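Participant: Here is a sequence with its predicted model. Questions after.
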Amino acid sequence: MNYLCCCFPSKNQQYVTKPELNTQKLLKFNLEGQEINVLVKSVYDGDTIHVIVPIELNIYSFETTSLFIKQTENNGIKFYDITVRLDGIDTPELKPKLNSPNRDIEIKKANDAKKYLSTLIENKIVKIKFLKNEKFGRHLGIIYYNDENINQKMIDLNYAVPYFGGKKNNVV
């Protein structure tokens, strides 16, 4: 028996049935363009969070090479633990290269950004406007809490700098 397990296909993407799935090619949700209320499970750093997304359908995209999804089920709704990268910002790294200049300052600023973002949204319901998947397979999104753009707030409070891909500028 074939089960339809894809929907909202991207350009040049076809529907795939379970017997035809190759887990090496099975990738991620395609939540592009969706605005969804989610629970922030944890904050990894100042620009990356883990959220719990309730989904009634299995939605997959074939644009990256790993699944990155943990799934549980409750009354027909599946809850997915996914990683979201805040779009348009970059924060200092928690684990910069050992030879990085100002390494200790960068680690402190990274921890400050993580702590602030955690205080703001961890264990809270936020709205995410999903944009696309970035080069490491994470979902890019704009985070809103109480109708406030959290991505922009991180920049405004100097926890982050604007970033739209390419070579990163020094954020310390």
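Facilitator: Arrived safely, thanks for sending.
Participant: List the buried residues of the top helix by length along the chain.
Facilitator: Longest among the helix segments of the chain by residue count, using DSSP state H, is helix 103-121. Residues of helix 103-121 classed as buried by neighbour count (16 or more other C-beta atoms under 10 Å): Glu106, Ile107, Lys109, Ala110, Ala113, Lys114, Tyr116, Leu117, Ser118, Leu120, Ile121. Heads up, the C-betas are built off the backbone N, CA and C, glycines and all.
Participant: Just checking, which helix or strand succeeds it along the chain?
Facilitator: strand 125-133 (DSSP states H and E).
Participant: where does this protein have its least confident helix or strand?
Facilitator: strand 70-74 (a mean of 54; mean pLDDT, DSSP states H and E).
Participant: The longest helix of the chain to strand 125-133, inter-axis angle?
Facilitator: 120 degrees (axes from the mean of the first three to the mean of the last three C-alpha atoms, to 10 degrees).
Participant: Can you spell out which helices and strands pack onto helix 103-121?
Facilitator: strand 35-45, strand 139-145, helix 150-156 (3 or more C-beta pairs under 8 Å, 6 or more residues apart in numbering; DSSP states H and E).
Participant: Mind doing that once more with 6 Å?
Facilitator: For helix 103-121, the packing partners by 3 or more C-beta pairs under 6 Å, 6 or more residues apart in numbering; DSSP states H and E come out as strand 35-45.
Participant: Mind checking the pLDDT average for the strand it packs on?
Facilitator: Strand 35-45 carries an average pLDDT of 96.
Participant: got the buried residues for that strand?
Facilitator: In strand 35-45, counting by 16+ other C-beta under 10 Å, buried: Val38, Leu39, Val40, Val43, Tyr44, Asp45.
Participant: which residues of the chain score low on pLDDT?
Facilitator: Scanning the chain with the threshold set as pLDDT under 70 gives 1-29, 56-76, 168-172.
Participant: separation between the closest residue to Glu134 other than its chain neighbours and Asp112?
Facilitator: Using C-beta to C-beta, 6 or more residues apart in numbering and skipping the chain neighbours, the partner closest in space to Glu134 is Leu140 (5.1 Å). Going from Leu140 to Asp112 by C-beta to C-beta, to the nearest Å gives 23 Å.
Participant: Ok, Lys124 next?
Facilitator: Taking C-beta to C-beta as the measure, Lys124 and Asp112 are separated by 20 Å.
Participant: Please apply the same query to Ala160.
Facilitator: For Ala160, the distance to Asp112 - C-beta to C-beta - is 11 Å.
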